[in-house]
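> Pasting the sequence and the predicted model now:
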There are 2 protein chains.
Amino acid sequence: MLKISKKADYALMALQHIAAVQFGDVTPGRVVNTKEIAEEYNIPLELLAKVLQTLAKHALIESHNGPKGGYALVRRAHQITIAQILESIEGPLGITDCSHEKEGEFCMQRENCHIRTPLLKVQDSIAQLLNNMTLQDMMGGTPLITIQSPAAQGVER
Amino acid sequence: MLKISKKADYALMALQHIAAVQFGDVTPGRVVNTKEIAEEYNIPLELLAKVLQTLAKHALIESHNGPKGGYALVRRAHQITIAQILESIEGPLGITDCSHEKEGEFCMQRENCHIRTPLLKVQDSIAQLLNNMTLQDMMGGTPLITIQSPAAQGVER
DNA sequence: ATGATCTCCGATCAAATAGGTCGGACTAAG
DNA sequence: CTTAGTCCGACCTATTTGATCGGAGATCAT
């Protein structure tokens, strides 16, 4: 349960990769195109393209067209929150249908519903969690396969 | 994003209602049948029945068959966590596909994936959040506990 | 300038999952 | 024993998600 979509997964991988290239030591400042990312992580090319387009539309990355083109981060990694990334792809956070009810619409269970308020509380907690974590926290450089000491993880803050 | 299913919603409403009847002041100990809950909250009867069956199979409630039959909680409200309820309906918590990979199976992106470990960290935080909240916290019409964000480090309450 | 290449973008298709429905099996009251 | 009321499991449909295709526009190399 509470699974995030594959597209969101791809978005996180792609942004992590772009950040690593752009701010890394090897070829700093280089833009990276869709194909490179797709091959590196075995992601369907066309689908990844669509994901990156969406991210660009939400101003998380900017696109450079033509040959030698590609994508580049607009902000630095620590200024991009996980919440922003996920919401760009999957829409606003809402663990229940009635999370974003506009005035005038309401679910059929609303009048006697006792669980809405506690659930919104849970939702707030998750929102804070995702807002306090940035792309920088995903940078660690250590590949997954190697054994890693718990202290060496980039996510520790 | 991260929306829980309608079935899970119905499960929470139903359990809240059963607990209110069973441990309330009006008719304590009474079992409550599917129809009563469905009408109270405008839930499709047959679908709610299926949800309750699932909850019974996971030993959160017990079914009493025949006339005057219905469902009753087996444990008290404060001993049933939200995590247990949701997992009974939607399966184990897992924000990403590779959360519960068995030995031998792995996603196509695994070998170069840098986001798995941080995401599992997020998942752990959410798990703690849901495990620290019980059905009791949903009782009483008015909101009850304040939940702190587990974002910084370790979840405390 | 012109062609070749690369990216962007919309529309489209297929698979998975959630939402909802049906008839039968069982139980206990009368 | 009958009968009304309940649980239970299989079935069907609709929405969402994952993935794909083809063309238009932009940029760089020649």
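Perfect, I can see it now. Quantities reported herein were computed from a predicted structural model and do not represent experimental measurements.
> Go ahead and list the helix or strand containing the residue nearest in space to the middle of chain A.
Nearest to the mean C-alpha position of chain A, by Cα atoms, centre = their mean, lies A:Ile85 at 3.1 Å. If you go by DSSP states H and E, A:Ile85 is part of helix A:82-90.
> Which SSE is immediately downstream of that helix?
That would be, after helix A:82-90 and using DSSP H and E, helix A:116-131.
> Determine if any part of that next one is in contact with DNA strand C.
No - between helix A:116-131 and DNA strand C, judged by Cβ under 7 Å from any atom of the strand, nothing touches; the nearest distance is 14.3 Å. For glycine as for every other residue, the C-beta is placed from the backbone atoms N, C-alpha and C.
> one step back: summarise which helices and strands the helix holding A:Ile85 is packed against.
If you count contacts as 3 or more Cβ pairs under 8 Å, 6 or more residues apart in numbering or on different chains; DSSP states H and E, helix A:82-90 packs onto helix A:6-22, helix A:45-57, helix A:116-131.
> change it to 6 Å
The contact analysis (3 or more Cβ pairs under 6 Å, 6 or more residues apart in numbering or on different chains; DSSP states H and E) places helix A:82-90 against helix A:6-22, helix A:116-131.
> what does the model give the residue nearest to the centre of chain A for pLDDT?
With respect to pLDDT, A:Ile85 scores 93.
> Let me see the contact set for A:Glu62.
A:Ala72, A:Val74 (Cβ atoms under 6 Å, 6 or more residues apart in numbering or on different chains).
> no no, A:Gln109
B:Tyr41, B:Asn42 are the contacts of A:Gln109 under Cβ under 6 Å, 6+ apart.
> Look up the pLDDT of it for me, please.
So, for A:Gln109, pLDDT stands at 70.
> about what we covered before: so the residue nearest to the centre of chain A versus A:Ile95, what's the distance?
As judged by Cβ to Cβ, to the nearest Å, A:Ile85 and A:Ile95 stand 18 Å apart.
> before we move on, what about A:Ser5?
For A:Ser5, the distance to A:Ile95 - Cβ to Cβ - is 15 Å.
> Comparing these two, which shows the higher neighbour count?
Shown here are A:Ser5 and A:Ile95; by other Cβ atoms under 10 Å in any protein chain shown, A:Ile95 has more neighbours (19 against 16).
> I figured that one hits A:Asp124, correct?
No - A:Ile95 is not in contact with A:Asp124 according to Cβ atoms under 6 Å; the separation is 10.1 Å.
> Quick one: name the residues of chain A near DNA strand C.
Taking Cβ under 7 Å from any atom of the strand as the measure of proximity, chain A contacts DNA strand C at A:33-35, A:46, A:49-50, A:52-53, A:56-57, A:63-67, A:69-71.
> on that earlier part again, can the helices and strands packed on helix A:82-90 go into TSV with extra columns for mean pLDDT?
Below are the helices and strands packed on helix A:82-90 laid out as TSV (pLDDT from 0 to 100):
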stretch	mean pLDDT
helix A:6-22	91
helix A:116-131	93
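> Out of those, which is the most enclosed?
helix A:6-22 (a mean of 22; mean count of other Cβ atoms under 10 Å in any protein chain shown).
> From the chain's centroid, how far away is that helix?
Put simply, helix A:6-22 sits 8 Å off its chain's centre (Cα atoms, centre = their mean, to the nearest Å).
> Tell me if it is near DNA strand D.
Yes - shown here: helix A:6-22 in contact with DNA strand D (Cβ under 7 Å from any atom of the strand) through A:Lys6, A:Lys7.
> what about the next helix or strand along the chain from that helix and DNA strand D, touching?
Remark: after helix A:6-22, the chain's next helix or strand is helix A:34-41, criterion DSSP H and E. No - applying Cβ under 7 Å from any atom of the strand, one finds helix A:34-41 separated from DNA strand D by no less than 9.6 Å.
> now for helix A:34-41, which elements pack on it?
Taking 3+ Cβ pairs under 6 Å, 6+ apart as the contact cut, helix A:34-41 packs with helix A:6-22, helix A:45-57.
> what about 10 Å?
For helix A:34-41, the packing partners by 3 or more Cβ pairs under 10 Å, 6 or more residues apart in numbering or on different chains; DSSP states H and E come out as helix A:6-22, helix A:45-57, strand A:70-73.
> want to throw those into CSV with distance to B:Glu90?
Below are these laid out as CSV (distance: least, Cβ to Cβ, whole Å):
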stretch, distance to B:Glu90
helix A:6-22, 18
helix A:45-57, 25
strand A:70-73, 35
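> wait, which of the ones you listed is closest to B:Met138?
Among those, the nearest to B:Met138 by Cβ to Cβ is helix A:6-22 (28.8 Å).
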